[in-house]
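Participant: attaching a predicted model along with its sequence, questions to come.
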Amino acid sequence: MSNANGRVYAAVLAGGSGVRMGNPDKPKQFLMMGDKPIVVHTLEKFCVSGFFDRVILLCPETWLRQSQDIINKYCSKHAGQIDVVAGGSVRNETIMNAINHIETKYGADDGTILVTHDAVRPFVTYRVIEENIRAVEKYGACDTVVPATDTIVESANGETISVIPDRRMLYQGQTPQSFKMQHLKKLMLSLSEDEKAILTDACKALVLRGESVALVRGEESNIKITYPQDMRIALALVEGQSC
Ligand SMILES: Nc1ccn([C@@H]2O[C@H](COP(=O)(O)OP(=O)(O)OP(=O)(O)O)[C@@H](O)[C@H]2O)c(=O)n1
Ligand SMILES: O=P(O)(O)OC[C@@H](O)[C@@H](O)[C@@H](O)CO
């Protein structure tokens with residue numbers, strides 16, 4: 001589905017190795033969740049939504065062949081919509097690989113929209129995906145967030161509290177994070193090594209340059225599967241969905 005100004009692409013980020021999952025025999029995005037791997041649950045959300053001209057799956061270089069096999073086995077109905085591309089050594093490099101692939105293969109202009117999403121957030125909803133696209137059309141960039149539920153404590157030295165910010169202004173960032181693709185590329189290329197070192201997500205590239213990023217309301221259920229206990233929660237959620 002093209003928007004009024006250009007094309008819309010999804011980058012499903014599956015290039016990580018899942019160290020915090022405790023080094024299972026495969027990166028966590030390829031672990032089974034119910035009847036199919038986590039990454040397939042996520043890809044299906046984007047393919048079925050009908051919002052995208054193309055869905056790009058970024059995976060570790062050593063998993064290119066296996067990723068394609070997984071798609072053919074578990075997601076064959078949508079295989080024609082998905083390009084499998086190698087990710088980079090850090091998450092933002094993976095996003096740059098998606099941008100370079102799209103530019104080279106399909107071309108891009110100022111209206112091209114890129115919706116980036118963690119492969120390990122398989123419970124993203126169609127509402128959130130659609131609101132991301134609408135927010136980029138209106139504001140140029142957006143982040144998906146939920147209000148912070150815990151009190152967030154800041155400590156500069158790791159021993160004592162520096163400040164407890166007003167929770168009413170605090171949110172937890174999720175994905176999707178979505179952008180005018182060419183603008184994101186320009187900003188990413190402008191970052192210094194020091195700036196790259198503090199970039200825990202792509203939205204921060206805009207925030208560092210003083211640019212505004214709109215908020216899209218996320219969902220508590222849009223969890224990121226990071227630790228083994230998240231996997232147990234995810235399995236319970238997917239079982240609940242199939243009941
Ligand atoms: N070089 C990287 C690193 C991460 N990711 C992706 O970014 C998402 C969120 O990252 P995270 O949960 O930190 O995944 P990992 O980097 O795999 O986990 P860890 O930090 O525990 O190794 C994941 O879907 C992961 O595959 C990526 O595409 N490319
Ligand atoms: O720092 P981590 O590697 O856990 O996660 C990096 C990003 O994936 C993360 O910032 C987005 O999912 C938004 O929370």
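Facilitator: Yep, it's here. None of the values given here were measured: they were computed from a predicted structure. Ligands and ions are numbered 1, 2, ... in the order given.
Participant: just give the closest residue to Pro165, not the sequence neighbours.
Facilitator: Ile152 (6.1 Å; Cβ to Cβ, 6 or more residues apart in numbering). C-beta here means a position set from N, CA and C on the backbone, and glycine is covered the same way.
Participant: quick check, central residue of the protein?
Facilitator: His117 (1.8 Å; Cα atoms, centre = their mean).
Participant: can you classify that one by secondary structure?
Facilitator: Here His117 is strand, with the state taken from DSSP: H, G, I helix; E, B strand; the rest coil.
Participant: which strands and helices lie in contact with the strand ranked longest in the chain?
Facilitator: Identified as the longest strand of the chain according to DSSP state E is strand 171-180. Counting contacts by 3 or more Cβ pairs under 8 Å, 6 or more residues apart in numbering; DSSP states H and E, strand 171-180 is packed against strand 113-118, helix 126-139, strand 141-147, helix 203-208.
Participant: still on that earlier bit, quick one: contacts for the residue nearest to Pro165?
Facilitator: With contact taken as Cβ atoms under 8 Å, 6 or more residues apart in numbering, Ile152 is in contact with 164-165, 167, 170.
Participant: and it, how far from Tyr74?
Facilitator: Distance, Ile152 to Tyr74, by Cβ to Cβ, to the nearest Å: 38 Å.
Participant: and if you look at Lys185?
Facilitator: 32 Å.
Participant: tell me if the helix or strand harbouring Lys73 is near ligand 1.
Facilitator: Per DSSP states H and E: Lys73 is located in helix 64-74. No - contact check for helix 64-74 against ligand 1, using Cβ under 6 Å from any ligand atom: none in range, with a minimum separation of 11.4 Å.
Participant: so can I have a markdown table of the helices and strands packed on strand 171-180 showing distance to Val238 and mean pLDDT?
Facilitator: Listed next are the helices and strands packed on strand 171-180 as a markdown table, based on distance: least, Cβ to Cβ, whole Å; pLDDT from 0 to 100:
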| stretch | distance to Val238 | mean pLDDT |
| --- | --- | --- |
| strand 113-118 | 16 | 98 |
| helix 126-139 | 17 | 98 |
| strand 141-147 | 20 | 98 |
| helix 203-208 | 28 | 95 |
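Participant: which of these is buried the deepest?
Facilitator: strand 113-118 (a mean of 26; mean count of other Cβ atoms under 10 Å).
Participant: residues contacting that one, please?
Facilitator: Under the contact criterion Cβ under 8 Å, 6+ apart, strand 113-118 has outside partners 3, 6-13, 42, 46, 51-52, 95, 98-99, 102, 124, 129, 132-133, 136-137, 175-181, 184, 202, 224.
Participant: neighbouring strands - and their directions - for it?
Facilitator: strand 8-13 (parallel), strand 171-180 (antiparallel) (DSSP bridges).
Participant: what mean pLDDT would you report for the last one?
Facilitator: Same thing as strand 171-180. Averaged across strand 171-180, pLDDT comes to 98.
Participant: got it, and stretch 76-96?
Facilitator: Here the average pLDDT along stretch 76-96 is 97.
Participant: residues from this structure in reach of ligand 1?
Facilitator: 13-20, 29, 58, 87-91, 94, 118-120, 224, 226.
Participant: what segments of the chain are strands?
Facilitator: Going by DSSP E, the chain shows strands at 8-13, 32-33, 36-37, 54-59, 82-86, 113-118, 141-147, 171-180, 214-217.
Participant: now render those strands as TSV, adding distance to Leu237.
Facilitator: Formatted as TSV, the strands of the chain follow (distance: least, Cβ to Cβ, whole Å):
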stretch	distance to Leu237
strand 8-13	19
strand 32-33	9
strand 36-37	14
strand 54-59	22
strand 82-86	24
strand 113-118	16
strand 141-147	16
strand 171-180	15
strand 214-217	19
